[in-house]
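**Student:** my questions concern the predicted model and sequence given below.
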2 protein chains.
Amino acid sequence: MNKRTLPRESGPDATRSLILNTALRLFQERGFDQTTMRQIAAEAGMALGAAYYYFPSKDALVMAFYERAQEELGPRLAGVLSSKKIEHRLRALLEVKFEYFKPYRNLLGALSRHTDPQHPLSPFSENTRPIRERDVGFFEAAVEGATFRIPPDLKPHLARVLWLYQMGLVLFWVYDHSPNQERTRQLVEKSLAMVVTLIKLSGLPFMSPVRRRVVELVLTISSG
Amino acid sequence: MNKRTLPRESGPDATRSLILNTALRLFQERGFDQTTMRQIAAEAGMALGAAYYYFPSKDALVMAFYERAQEELGPRLAGVLSSKKIEHRLRALLEVKFEYFKPYRNLLGALSRHTDPQHPLSPFSENTRPIRERDVGFFEAAVEGATFRIPPDLKPHLARVLWLYQMGLVLFWVYDHSPNQERTRQLVEKSLAMVVTLIKLSGLPFMSPVRRRVVELVLTISSG
DNA sequence: GTCTATATGGAGATAGAC
DNA sequence: GTCTATCTCCATATAGAC
């Protein structure tokens, strides 16, 4: 038996979890900037230093949130790619994400400030690369397993572009104040149909030069 | 003679300008977050309270920067729309912007955190609407004055989409660490050609349903 | 290894004297 | 309009109890 399995009701793992959960709750309730390390510690029933013992900074809490999300999302994303239609497969991925992040919508809003790829917490940073790559992997899987003719010159880049598209949708969702995020739902439906149409259109013979330029564009953007 | 013309070497307008210029210089040199109101006041040769007399908050300095930029950019943007080719017209607008903002590239990076449309300093906020609308107006002018067939159903939305496209380019530029932002230059050239091609392609007769969907998409996004 | 209590130093902002 | 003095609050560091 492995001693270090699930967090018990006491012990270091449980304390760590308790702090993280408390922090996430407060971030969501009061906003990220308005929540102080003092409040987190107090609400978790311990002294300030104790929280700092487990998380050396407020940003470390955010990083732990990213990692936990990636861990918990993995199986769910993998388990939802059953259809063969690309549109269904992509929609399934999106639905899992929205569902999972729903309790953290406000928090994600606060975190979306990290546009600088140099910042460790940016979705484009070196620091978050492992998380990002695993995530892109699910879009690769969505593309791979679909019965859908993809122009071969586009194929190597498609997953990454779709991942970026998905980031855009999440950003829109985070700031969507319509009831139950109805506008995002519409945007997903309309943009998804459009994305699929565009890929299909791009496969037309006379589109070959356009495809080449798109690929060049993608390379320019991602070569940094 | 109007008494309130240009800032003199002394007087309230001069003091205000001095504070703003000092702040912008420090923001650029040391970073926005690392620069304190104390440093700004000290560097401008006055007490902290004096700086707060002119600018009630650090964000007020940012807003003043936005307003000044809009004012100074206006004539330059208007003066550069001489060609009749849409591609040249758009490139001209972009060049003026990059040129003007070059000394503030670092600062813009720090400001790009304001993704929340609710935040007053966001480029999408209610607060910055007048600035934004005037800016969109230059893209309308760029489209209007071009000898270029634009599908009539796209036309009402094109300027706003191009404005958004331009915001994306600026964001890329802000974080482009290639020498002399060479990658941005490439991105501009390639994406500009692509944008023009796409608009042309969208005018083909059988593209009518695609156009309709694009318009729907734009409406969904901007209806908030 | 885990945690409490306390100290440090700096930030944005303000009140009220001059 | 400009200043000094001060308020309030924070992230973070550390000393040392258990």
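**Tutor:** On my side now, so go ahead.

**Student:** going by C-alpha atoms from here, please, whenever you check contacts or count neighbours.
**Tutor:** Fine.

**Student:** what residue in chain A comes nearest to DNA strand D?
**Tutor:** Each residue of chain A has a distance to DNA strand D, by CA to the nearest atom of the strand, and the smallest belongs to residue A:36, at 3.2 Å.

**Student:** show me what the helix or strand containing residue A:38 is packed against.
**Tutor:** Counting by DSSP states H and E, the element that carries residue A:38 is helix A:37-43. The elements that helix A:37-43 packs onto, with contact taken as 3 or more CA pairs under 8 Å, 6 or more residues apart in numbering or on different chains; DSSP states H and E, are helix A:12-30, helix A:48-54.

**Student:** grab the nearest non-local neighbour of the residue in chain A positioned nearest to chain B.
**Tutor:** Nearest to chain B, among the residues of chain A, is residue A:113, at 3.9 Å (CA to the nearest CA). In space, residue A:113 comes closest to residue B:113 once its chain neighbours are excluded; the distance is 3.9 Å by CA to CA, 6 or more residues apart in numbering or on different chains.

**Student:** give me phi/psi at that neighbour?
**Tutor:** Here is the backbone geometry of residue B:113 (degrees, to the nearest 10): phi -70, psi -20.

**Student:** what sits against it?
**Tutor:** By CA atoms under 8 Å, 6 or more residues apart in numbering or on different chains, the contact list for residue B:113 reads A:112, A:113, A:114, A:115.

**Student:** now for those residues, which pair is the farthest apart?
**Tutor:** Using CA to CA, the contacts of residue B:113 reach their maximum pairwise distance at A:112 and A:115, which is 6.7 Å.

**Student:** please say which of these two ends up with more neighbours.
**Tutor:** Just comparing residue A:112 and residue A:115: by other CA atoms under 10 Å in any protein chain shown the higher neighbour count belongs to residue A:115, 22 against 19.

**Student:** using the three-state scheme, assign the more buried one.
**Tutor:** Reduced to three states with DSSP: H, G, I helix; E, B strand; the rest coil, the structure at residue A:115 is coil.

**Student:** now do the phi/psi pair for it.
**Tutor:** Residue A:115 has phi and psi values of phi -80, psi -20 when expressed as degrees, to the nearest 10.

**Student:** which residues does residue A:191 contact?
**Tutor:** With contact taken as CA under 8 Å, 6+ apart, residue A:191 is in contact with residue B:217.

**Student:** what of residue A:194?
**Tutor:** B:210, B:213, B:214.

**Student:** for the closest residue to residue A:192 other than its chain neighbours, phi and psi?
**Tutor:** Nearest residue to residue A:192, sequence neighbours excluded (CA to CA, 6+ apart): residue A:87, at 6.7 Å. Dihedral angles of residue A:87 (phi, psi; degrees, to the nearest 10) stand at phi -60, psi -40.

**Student:** let me know whether residue A:87 touches residue A:190 as I believe.
**Tutor:** No - here residue A:87 lies out of contact with residue A:190, judged by CA atoms under 8 Å, at a distance of 11.2 Å.

**Student:** anything in contact with each of these two?
**Tutor:** Joint contacts of residue A:87 and residue A:190 (CA under 8 Å, 6+ apart) do not exist.

**Student:** thinking again about what came up before, let me see the contact set for the residue nearest to residue A:192.
**Tutor:** With contact taken as CA under 8 Å, 6+ apart, residue A:87 is in contact with A:192, A:193, A:196.

**Student:** pick the most deeply packed of the helices and strands packed on helix A:37-43.
**Tutor:** Using mean count of other CA atoms under 10 Å in any protein chain shown, the stretch among those with the largest mean neighbour count is helix A:12-30, at a mean of 18.

**Student:** where does chain A come near DNA strand C, residue by residue?
**Tutor:** Contact residues, chain A versus DNA strand C (CA under 7 Å from any atom of the strand): A:11, A:12, A:15, A:45, A:46, A:47, A:48, A:49, A:50, A:53.

**Student:** helix/strand/coil for the fifth one?
**Tutor:** Of the three states, residue A:46 takes coil according to three-state DSSP.

**Student:** count of residues packed around it?
**Tutor:** 15.

**Student:** the fourth one now?
**Tutor:** Here the count is done by other CA under 10 Å, and residue A:45 has 14 residues near it.

**Student:** from residue A:59, how far out is it?
**Tutor:** 21 Å (CA to CA, to the nearest Å).

**Student:** next: the fifth one.
**Tutor:** Taking CA to CA as the criterion, residue A:46 is separated from residue A:59 by 19 Å.

**Student:** same deal with residue A:201?
**Tutor:** Separation of residue A:201 from residue A:59 (CA to CA): 44 Å.

**Student:** spell out which parts of chain A neighbour chain B.
**Tutor:** Residues of chain A lying close to chain B by CA under 8 Å from any CA of the partner chain are A:109, A:112-117, A:175, A:183, A:186-187, A:190-191, A:194, A:210, A:213-214, A:216-217, A:220-221.

**Student:** so where do the strands sit in chain A?
**Tutor:** For chain A, applying DSSP state E gives no strands.

**Student:** what segments of it are helices?
**Tutor:** Counting by DSSP state H, residue ranges of the helices within chain A are A:12-30, A:37-43, A:48-54, A:58-78, A:86-101, A:105-111, A:129-144, A:155-174, A:182-202, A:208-222.

**Student:** what's next to the third one, contact-wise?
**Tutor:** Which is helix A:48-54. For helix A:48-54, with CA under 8 Å, 6+ apart as the criterion, the contacting residues are A:16, A:19, A:37, A:38, A:40, A:41, A:42.

**Student:** got a markdown table for those residues, with pLDDT too?
**Tutor:** Putting the contacts of helix A:48-54 into a markdown table (pLDDT from 0 to 100) gives the following:
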| residue | pLDDT |
| --- | --- |
| A:16 | 94 |
| A:19 | 95 |
| A:37 | 94 |
| A:38 | 94 |
| A:40 | 95 |
| A:41 | 95 |
| A:42 | 94 |
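
**Student:** which phi and psi does residue A:36 have?
**Tutor:** According to degrees, to the nearest 10, the main-chain angles of residue A:36 amount to phi -110, psi 160.
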